[in-house]
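**Q** Next input, structure requested:
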Amino acid sequence: MHASADSQRPRPPEREVSRWLRRLSSWPLADRCTVNGGWPWARELVARAHRAGLGLALCWLSCGEPPGPPLARAPLGTAPAPVATPPAGAGSPAPELVKPITAPAPLAPVVPDYEQADVDPGNDFVVAPPVPIDDCPRRLERAQISFTPSVLPLKREKVGRSGREEVVACGAEQAVVYLGGPAKIRYNAAPTLTCRMALALARFEEVAQEQAIKHLGQRIARFKHLGTYSCRKMVRFDFVSEHSYANAIDIEEMLLENGVRLSVKKNFGALEAAPSTRPSQFLRSLARRAFDERLFSTVLTPFWDNLHHDHFHLDLARYRVDGTRPHE
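**A** Below you'll find the model as predicted:
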């Protein structure tokens, strides 16, 4: 049986393309286009375009790429599949461990370069000169203190009416002549002091300058003191004075840079009243800072007794006495 002439005649190219497009458009393309995230309106457009043979083109436009087979979904409640990690040395670097964050270590308390008051109550009744400190000359130089070494021989004797055992009643192992500190305050006579007391005095001068500027608007040019080293007992008590160890100083007057002279006797003010003048405020605030900030162990003012009505007594005894406030 021979084929007809129509069957043997070649089809026009456009009819051949149209025939294949119609076949492709007969596939469920709208369903397939929405499998991998196609746009929801693709199904409607493809359905309308079946007769025009545009289903495949719209699928490409809506899906971006021809869709693949639908992805299998894990049943609800199942754990995700573990991710394989390459073995060590397989070419990919091992994951870096996260180091735990640790809190910074607390800062150590700042130790002042000057000597502070002794606050140990266990040694209040020890009768002896102060214990020497390590590297005294270097510490004095670091504090910008000018000095010359001094020698105060130790003297032992029995002290006390009750026949107390023999103690060091005079002298010091570590003494210097204080020539000046960084605050640039001069003295009527160069004080002879223990190394500890020299360091404390330099700090006291700085505090005095701060208080003078605050209350008086002036700096201090000169201190007048009544003495530092004197081998004797206390006047009121049967005890060795810190003056016996060059571990104390008595300040009587202060000369300001503008020439004004202040004295404890004239400017401290009435003891029963609050300070009413700037010099009185200055003197009282200075004495309290000297004690409260532990510049000295003992600070005696006119508040303490009549023996100190005209000067400040400052020392570094092993015990503490606050004579900067009215008696309660």
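**Q** Number of residues surrounding residue 232?
**A** Neighbour count for residue 232, taken as other C-beta atoms under 10 Å: 11. (Each C-beta comes from the backbone N, C-alpha and C, glycine too.)
**Q** An error on my part: the question was meant for residue 310.
**A** 16.
**Q** Residue 250 is in contact with that one, correct?
**A** No: counting by C-beta atoms under 8 Å, residue 310 stays clear of residue 250, with 9.2 Å between them.
**Q** Point out where the stretch 201-328 of the chain drops to low pLDDT.
**A** For the stretch 201-328 of the chain, applying pLDDT under 70 flags the ranges 233-238.
**Q** and residue 126, which of the three is it?
**A** For residue 126, the assignment made with DSSP: H, G, I helix; E, B strand; the rest coil gives coil.
**Q** Can you check what pLDDT the model gives it?
**A** For residue 126, the model assigns a pLDDT of 87.
**Q** Spatially nearest residue to it, not counting backbone neighbours?
**A** residue 318 (5.5 Å; C-beta to C-beta, 6 or more residues apart in numbering).
**Q** following the helix or strand where residue 291 lies, which helix or strand shows up next?
**A** Counting by DSSP states H and E, the element that carries residue 291 is helix 278-292. Using DSSP H and E, the next helix or strand after helix 278-292 towards the C-terminus is strand 298-300.
**Q** What pairs with that following strand, parallel or antiparallel?
**A** Looking at strand 298-300 with DSSP bridges, its partner strands are strand 312-315 (antiparallel), strand 321-323 (parallel).
**Q** quick one: which of the ones you listed is nearest residue 261?
**A** strand 312-315 (15.5 Å; C-beta to C-beta).
**Q** And the contacts of that closest one?
**A** For strand 312-315, the external contacting residues (C-beta atoms under 8 Å, 6 or more residues apart in numbering) are 197, 200-201, 204, 242-243, 247-251, 264, 287, 290, 295-301, 304, 323.
**Q** One more: stretch 215-230?
**A** So stretch 215-230 is contacted by 152, 175, 183, 185-189, 191-193, 197, 205, 208-209, 212-213, 241, 243-244, 246, 248-258, 260, 278-279, 281-282, 285, 311 (C-beta under 8 Å, 6+ apart).
**Q** and if we set it to 6 Å?
**A** With C-beta atoms under 6 Å, 6 or more residues apart in numbering as the test, stretch 215-230 has contacts from 185-188, 191-193, 208-209, 212, 243, 246, 249-258, 278, 281-282, 311.
**Q** so after the top helix by length along the chain, what's the next helix or strand?
**A** If you go by DSSP state H, the chain has its longest helix at helix 195-216. Per DSSP H and E, helix 195-216 leads on to strand 220-227 as the next helix or strand towards the C-terminus.
**Q** Which strands and helices lie in contact with the next helix or strand after that next one?
**A** Helices and strands here follow DSSP H and E; after strand 220-227, the next one along the chain is strand 248-256. Helices and strands touching strand 248-256, by 3 or more C-beta pairs under 6 Å, 6 or more residues apart in numbering; DSSP states H and E, are strand 220-227, strand 261-263, strand 312-315.
**Q** buried stuff in the second one?
**A** To tie it back to what came earlier, the one meant is strand 261-263. 262, 263 (16 or more other C-beta atoms under 10 Å).
**Q** so what strands line up beside that strand?
**A** Paired strands of strand 261-263, with direction, are strand 248-256 (antiparallel) (DSSP bridges).
**Q** Let's see the partner strand as CSV, backbone CA atoms only.
**A** What follows is strand 248-256, C-alpha atoms only, in CSV (Å, rounded to 0.1, in the frame of the first residue of the first chain):
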residue,chain,number,x,y,z
ALA,A,248,57.2,63.8,114.2
ILE,A,249,57.1,67.5,113.3
ASP,A,250,55.3,70.5,114.8
ILE,A,251,54.0,73.1,112.3
GLU,A,252,53.4,76.6,113.8
GLU,A,253,53.1,79.1,110.9
MET,A,254,52.7,79.2,107.1
LEU,A,255,53.8,82.1,104.9
LEU,A,256,51.9,82.5,101.6
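**Q** which residues are in contact with it?
**A** Taking C-beta under 6 Å, 6+ apart as the rule, strand 248-256 contacts 191, 218, 220-228, 242, 261-263, 311-315.
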